[in-house]
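Visitor: here's a sequence, model it:
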Amino acid sequence: MVNKIKPVNASITATIEGYTFQSRDNNFCVVQLQEKGKPGLTTATGYLPGVPVGSSVRLMGSWNNDKKYGQQFKFDQYHLLRPNTLNGLEKYLGSGLIKGIGPRYAFKIVKRFGIETLDIIETAPERLTEVPGLGSKRANRIKKAWAKQKDIQDIMIFLQGEGISSTYAIKIYKRYGKDSIARVKENPYQLAEDIRGVGFKVADRIAGTVGVQAESPLRIQAGILHALSEAAKSGHCYLPEDELVLCAADILGLPEEAISAQLPPLIELKKIFVEADMVSLALLHYAEMGIASMMAELIRRPSPLPDMDKEKAISWAGKKMGITFAAAQAEAIRTIISGKVSILTGGPGTGKTTILRAILLILKKRGIRIALAAPTGRAAKKMAEVTGKEAKTIHRLLEYDPSVQGFKKGVADPLDIDLLVVDESSMLDVVLCNSLLKALPVDTSLLLVGDVDQLPSVGPGNVLRDLIDSGAIPVVTLRHIFRQGEGSLISLNASNINEGLSLDLRPEYRGEKDFYCIFKEEQEDILGEILSLCKERLPGRFGWDPVRDIQVLTPMKRGIIGAANLNTMLQKHLNPQGPSLRRGARVLRIGDKVMQIRNNYDKEVFNGDMGRVKRIDDEEQVMIVDFDGRDVEYGYGGELDEIILSYATSIHKAQGSEYPCVIIALHTSHYMLLQRNLLYTAVTRGKKLVILISSKKALAIAINNNRPVNRYTRLSQEVRELMPGG
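Guide: Sure, this is the predicted structure:
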């Protein structure tokens with residue numbers, strides 16, 4: 001309960017000394033201020049997007065007395081002021097505001113120029129070379145960085161009350177240049193389409209401040225597109241019209257009739273398509289129709305694979321590999337080398353890799369040009385390791401060009417191959433699959449390999465499942481577990497989960513078990529067990545590096561055993577000391593395990609790629625991350641938003657990856673996500689050891705819940721209709 005001391009508005013002028021808390025999601029912060037002439041520090045709460053320590057600010061708001069935290073100043077608005085003390089100047093310059101100036105150079109510059117420092121940087125930057133050790137090259141960089149900061153000041157002032165961080169202000173400036181404010185005022189909703197991270201809700205707030213009416217067609221159309229975009233984030237390729245209208249009406253707070261009236265203009269603009277009461281974004285409509293059309297054409301055309309004595313070829317491959325194929329494996333090889341388009345699916349230990357190696361051996365012997373690809377870097381690396389052949393990410397195979405935000409390979413410049421093999425194809429969404437098929441000549445063969453029982457793609461669509469359900473493509477489904485044996489319970493329990501059966505825990509088991517289940521009913525106990533296993537018990541028993549070899553998986557991001565808190569606690573226990581970089585409440589330290597959370601084609605790192613922080617350079621304002629032996633540089637600005645700690649990660653983010661040891665946290669607090677395919681996906685990430693730490697009820701719910709969330713897709717139907725007799 002908060003009691004106001006002064007209900008009237010007030011203002012304070014102070015210097016920012018530090019942040020006690022800073023949210024990455026909405027820029028809410030608890031900040032410590034030094035008011036001029038007052039002893040001690042003042043605590044203030046509010047929204048300060050990207051304002052560095054050392055800044056002088058004037059805050060407008062009111063005083064409050066919080067029973068738990070005491071007297072605080074709650075502000076609604078702020079204005080940036082120039083620092084007017086030497087200490088403030090030094091903190092301001094050394095905060096990361098200007099690339100090229102860290103704490104060391106900030107101290108030297110302020111020592112040389114004193115209170116006139118900012119005037120020197122602005123009007124006579126050539127004088128910076130008077131600072132010992134600061135040459136003309138660095139001085140020029142500082143000059144350019146300062147000019148850039150000045151250019152975006154008007155944008156910062158305009159957006160400061162809207163919860164937009166300096167990161168996004170810079171992106172807006174890069175996109176629109178000096179016309180930024182005019183463009184934002186003209187159509188603030190365009191930000192949601194043009195600027196990554198600026199969604200509809202933020203754009204809608206800005207629209208209100210620049211006078212856009214609630215009933216404006218511009219706003220309604222943006223709301224409809226937002227509703228469809230949110231549906232796409234949940235995997236849907238379309239929404240039924242009545243469901244879309246209800247959803248958009250709820251978002252906008254307007255009657256359904258107003259929503260329906262704006263569908264025709266969006267159709268005319270070709271931003272949406274409506275077909276048989278199904279409304280889809282244009283991108284997703286073209287993607288689904290494109291996949292269906294190209295898949296049907298691939299199936300109709302003859303195969304480039306040579307005629308051969310298949311039995312002889314299978315026997316030859318078995319001898320080369322030193323194995324005798326089981327009947328099901330031989331039939332799988334026979335089907336795939338006989339077809340034009342095929343699907344190979346099955347769980348862990350069922351022999352997908354063995355069959356794939358045999359097929360590659362047979363076809364390479366006959367001069368077939370083969371390309372191997374996977375949706376993610378980790379999946380491609382795993383594919384290369386198990387086959388002994390080069391494998392690329394799909395983006396690298398198609399030669400993504402960041403300058404045009406598209407692929408070089410396509411209809412005009414197709415891949416020059418006879419067979420394409422795509423592993424982890426359950427991760428293919430409709431947009432990526434459509435781009436891939438565009439680059440395939442119609443006389444190329446295609447083999448999709450994956451586990452259809454895993455979670456579907458993070459992006460929209462359910463490509464692998466839909467293609468199987470179409471009935472138009474030969475499907476080889478492997479069920480028999482070949483990898484099961486003494487000391488191998490991972491595959492067996494994955495199969496049990498998939499069939500809704502109880503886990504085989506074998507308490508009296510000879511040999512080295514590779515699957516354990518530890519029952520804990522409270523979240524705090526699950527957390528304690530994870531920390532103990534990672535820090536002491538597993539490294540002590542197996543000699544594993546707890547950062548490199550152990551991966552903690554959890555269904556959710558939030559909560560005591562959500563990924564965010566697990567990462568904070570694991571960092572504290574596994575990597576508590578050393579050079580670090582603080583951004584609000586977030587700390588990144590040398591040695592930390594981190595994950596890239598967005599595709600960055602310029603850096604060639606992709607969503608889900610894992611690395612370790614190798615170096616932090618405050619002077620150059622960069623952090624270096626080692627991704628499998630390749631150093632990638634991240635600037636202290638918005639680039640760091642692409643990196644998160646990954647000692648623990650969501651199960652969705654772990655798709656396509658394998659780890660020596662997996663620890664899975666499961667609790668009834670994850671109720672909405674407790675599904676069989678989620679648990680199955682988590683278990684199948686472990687190569688040598690899986691440890692499930694769960695409450696008994698949560699485990700029972702997950703195994704028994706085989707009601708996957710349905711996705712609105714029409715790929716299966718479209719493929720069937722385009723086939724002869726469809």
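Visitor: now residue 198: how far from residue 115?
Guide: In this view, residue 198 and residue 115 are 37 Å apart by Cβ to Cβ, to the nearest Å. Yep, even glycine has a C-beta here, placed from its N, CA and C like the rest.
Visitor: more neighbours, these two?
Guide: residue 198 (25 against 14; other Cβ atoms under 10 Å).
Visitor: and residue 76, what helix or strand is that in?
Guide: Per DSSP states H and E, residue 76 falls inside strand 70-81.
Visitor: and the host helix or strand of residue 718, what's buried?
Guide: Taking DSSP H and E as the definition, one finds residue 718 inside helix 715-722. By 16 or more other Cβ atoms under 10 Å, the buried positions in helix 715-722 come out as 715-716, 718-720, 722.
Visitor: surely residue 608 meets residue 650?
Guide: No - taking Cβ atoms under 8 Å as the definition, residue 608 is not a contact partner of residue 650, at 10.3 Å.
Visitor: which one's more surrounded, these two?
Guide: residue 608 (25 against 19).
Visitor: okay, and that one sits in which element?
Guide: Using DSSP H and E, residue 608 falls within no helix or strand.
Visitor: contacting residues for it?
Guide: 376-378, 595-597, 653-657 (Cβ atoms under 8 Å, 6 or more residues apart in numbering).
Visitor: just the helices in the stretch 151-300 of the chain please.
Guide: Along the stretch 151-300 of the chain, counting by DSSP state H, counting those that start in this stretch, helices occupy 153-159, 166-176, 180-186, 190-194, 200-209, 217-233, 241-252, 256-260, 263-268, 282-300.
Visitor: JSON lines for those, including distance to residue 389 and mean neighbour count?
Guide: Converted to JSON lines, the helices of the stretch 151-300 of the chain look like this (distance: least, Cβ to Cβ, whole Å; neighbours: other Cβ atoms under 10 Å):
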{"stretch": "helix 153-159", "distance to residue 389": "50", "mean neighbour count": "18"}
{"stretch": "helix 166-176", "distance to residue 389": "40", "mean neighbour count": "20"}
{"stretch": "helix 180-186", "distance to residue 389": "49", "mean neighbour count": "16"}
{"stretch": "helix 190-194", "distance to residue 389": "40", "mean neighbour count": "18"}
{"stretch": "helix 200-209", "distance to residue 389": "45", "mean neighbour count": "18"}
{"stretch": "helix 217-233", "distance to residue 389": "34", "mean neighbour count": "21"}
{"stretch": "helix 241-252", "distance to residue 389": "45", "mean neighbour count": "19"}
{"stretch": "helix 256-260", "distance to residue 389": "52", "mean neighbour count": "16"}
{"stretch": "helix 263-268", "distance to residue 389": "46", "mean neighbour count": "15"}
{"stretch": "helix 282-300", "distance to residue 389": "22", "mean neighbour count": "20"}
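Visitor: just put these in TSV and tack on distance to residue 318 and mean pLDDT.
Guide: Below are the helices of the stretch 151-300 of the chain laid out as TSV (distance: least, Cβ to Cβ, whole Å; pLDDT from 0 to 100):
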stretch	distance to residue 318	mean pLDDT
helix 153-159	66	70
helix 166-176	56	72
helix 180-186	65	85
helix 190-194	55	88
helix 200-209	57	87
helix 217-233	45	96
helix 241-252	53	97
helix 256-260	62	96
helix 263-268	57	97
helix 282-300	29	95
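Visitor: mind putting these into CSV with distance to residue 146?
Guide: Output for those, formatted as CSV (distance: least, Cβ to Cβ, whole Å):
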stretch, distance to residue 146
helix 153-159, 11
helix 166-176, 14
helix 180-186, 18
helix 190-194, 26
helix 200-209, 27
helix 217-233, 36
helix 241-252, 41
helix 256-260, 47
helix 263-268, 44
helix 282-300, 40
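Visitor: among the ones you listed, which is nearest residue 500?
Guide: helix 217-233 (28.8 Å; Cβ to Cβ).
Visitor: residue 329 is in contact with residue 351, correct?
Guide: Yes - shown here, residue 351 and residue 329 form a contact pair, counting by Cβ under 8 Å, at 5.5 Å.
Visitor: now do the shared contacts for these two.
Guide: Joint contacts of residue 351 and residue 329 (Cβ under 8 Å, 6+ apart) are residue 478.
Visitor: avg pLDDT for stretch 516-524?
Guide: Regarding stretch 516-524, the rounded mean pLDDT is 93.
Visitor: show me where the stretch 601-726 of the chain has strands.
Guide: In the stretch 601-726 of the chain, the strands defined using DSSP state E, counting those that start in this stretch lie at 610-617, 622-627, 630-635, 643-645, 648-650, 659-666, 686-694.
Visitor: between the ones you listed, which gets nearest to residue 459?
Guide: strand 648-650 (15.2 Å).
Visitor: check which helices and strands the closest one sits against.
Guide: Judged by 3 or more Cβ pairs under 8 Å, 6 or more residues apart in numbering; DSSP states H and E, strand 648-650 is in contact with strand 550-554, helix 563-574.
Visitor: among these, which is the most enclosed?
Guide: strand 550-554 (a mean of 27; mean count of other Cβ atoms under 10 Å).
Visitor: residues touching the nearest residue to residue 207 once chain neighbours are set aside, list them.
Guide: Of all residues not flanking residue 207 in the chain, residue 188 sits nearest, at 4.4 Å (Cβ to Cβ, 6 or more residues apart in numbering). Going by Cβ under 8 Å, 6+ apart, residue 188 touches 203-204, 206-207, 210, 212.
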